[in-house]
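*Asks:* Structure here, sequence nowhere to be found:
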């Protein structure tokens, strides 16, 4: 019995070391911050098949490689096993089209533009899997190929952390919101390419890397940004308040630095803010 307990203890230490590395802590030492992020609100870890924990885990949400880890003192965290990048053949996995990443097959000057390590499988069973307190997996999928299942996506924990911290910052500045609506999350290279051109999308858009989202607060579920400054109008001034909150998050958490772009309303959409965690500062619009 003593030997059995010792084996479980050693397996647990190995699991926590693995999760520390996956959660962004190269030392492999698990801390509460490395598991649930600086916001304390991350609820998922994404890993490749050879990074699976060395102890049994509880299956969750049907197929798709999702397991539940229980860490005393915090809400349950999901362990999501990704398909390796090599699973993509001729630009697709199964029937789901992805395309080719901008620097696929070669090494970019900036490692932030390297092809993804792997892909998260999204199916009807895990579509609503909570990846942080305010966000679910399905909110970030590319908005095409509606009838194709399973879908595959890339999602970075640092983006989720930055968005959660931005929600907190809005509240601290006197603009409490129920969350952020994701207007656009991941864009597969195939989908992104459709809008590349003068005045359109960048060929190296961060939306292809899972660390960018176009968002706006919509507490009333009206598919438009909240009137954050309470002036009776929803316009770019409200978007600037959201952008300022994201900027404040970067000042407090420099490791989450990235792009912040302000977009006014058009005939097809309301104002919104692009937020990413690319690793270098970029600002535009507004």
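*Replies:* That came in fine, so what should we check first? Model, not experiment: these values are computed from the prediction.

*Asks:* for residue 201, what are its contacts?
*Replies:* Taking Cβ atoms under 8 Å, 6 or more residues apart in numbering as the contact definition, residue 201 lies against 187, 192, 195, 207. Any C-beta I mention is one placed from the backbone N, CA and C, and that applies to glycine too.

*Asks:* from those residues, which has minimum pLDDT?
*Replies:* Of all the contacts of residue 201, residue 195 has the smallest pLDDT value, namely 75.

*Asks:* Return the set of residues that bridge with the residue nearest to that one when sequence neighbours are not counted.
*Replies:* Nearest non-adjacent residue to residue 195, counting by Cβ to Cβ, 6 or more residues apart in numbering: residue 201, 4.1 Å away. Bridge pairing for residue 201 (DSSP bridges) gives the partners residue 196.

*Asks:* what does stretch 116-130 rub up against?
*Replies:* For stretch 116-130, the external contacting residues (Cβ under 8 Å, 6+ apart) are 43-44, 46, 48, 60-66, 78, 80, 82-85, 87-88, 93, 98, 101, 136-138, 141, 149-155, 209-210.

*Asks:* okay, and for the protein, where does confidence drop off?
*Replies:* Along the chain, the parts satisfying pLDDT under 70 run over 1-34, 52-65, 69-74, 198.

*Asks:* And the strands in it, which stretches?
*Replies:* For the chain, the strands defined by DSSP state E cover 44-47, 58-59, 66-69, 77-81, 83-84, 92-93, 96-97, 118-122, 151-153, 181-184, 212-216, 259-263, 272-276, 282-285.

*Asks:* Just say which of the ones you listed is most tucked in.
*Replies:* Each of those was assessed for mean neighbour count using mean count of other Cβ atoms under 10 Å. The highest is strand 272-276, with a mean of 27.

*Asks:* and residue 246, what does it touch?
*Replies:* Under the criterion of Cβ under 8 Å, 6+ apart, the neighbours of residue 246 are 162, 166, 169, 260, 273, 275.

*Asks:* excluding its backbone neighbours, what's nearest the third one?
*Replies:* With Cβ to Cβ, 6+ apart as the criterion, residue 169 has its nearest non-adjacent residue at 4.1 Å, and that residue is residue 245.

*Asks:* do the last one as well
*Replies:* What sits nearest to residue 275 in space, not counting adjacent residues and going by Cβ to Cβ, 6+ apart, is residue 246, at 5.1 Å.

*Asks:* Would you check how far apart the one you found and residue 112 are?
*Replies:* 18 Å (Cβ to Cβ, to the nearest Å).

*Asks:* how many neighbours does residue 75 have?
*Replies:* The tally of other residues near residue 75 (other Cβ atoms under 10 Å) stands at 13.

*Asks:* can you pull out the helices in the stretch 51-200 of the chain?
*Replies:* Using DSSP state H, counting those that start in this stretch, the helices of the stretch 51-200 of the chain run over residues 157-172, 189-193.

*Asks:* Looking at those helices, which is nearest to residue 221?
*Replies:* Each of the helices of the stretch 51-200 of the chain has some distance to residue 221 by Cβ to Cβ; the shortest is helix 157-172, at 16.1 Å.

*Asks:* picking that back up, separation between the residue nearest to residue 195 and residue 102?
*Replies:* Where residue 102 is concerned, residue 201 sits at a distance of 12 Å (Cβ to Cβ).

*Asks:* One more: residue 108?
*Replies:* According to Cβ to Cβ, residue 108 stands 8 Å off from residue 102.

*Asks:* Show me which of those two is the more surrounded one.
*Replies:* residue 102 (19 against 14).

*Asks:* Quick check: the more buried one touching residue 208?
*Replies:* Yes. Taking Cβ atoms under 8 Å as the contact criterion, residue 102 and residue 208 are neighbours in contact, 7.1 Å apart.

*Asks:* okay, and the common contacts of those two?
*Replies:* Counting by Cβ under 8 Å, 6+ apart, the residues touching both residue 102 and residue 208 are residue 189.

*Asks:* looking at it, residue 202 is touching residue 189, isn't it?
*Replies:* No. The pair residue 202 / residue 189 is not scored as a contact, 11.8 Å apart, by Cβ under 8 Å.

*Asks:* Who has more neighbours out of these two?
*Replies:* Neighbour totals were compared for residue 202 and residue 189, and residue 189 leads with 22 against 12 (other Cβ under 10 Å).

*Asks:* Let me know whether that one touches residue 92 as I believe.
*Replies:* No. Contact criterion Cβ under 8 Å: residue 189 and residue 92 do not qualify, at 11.4 Å.
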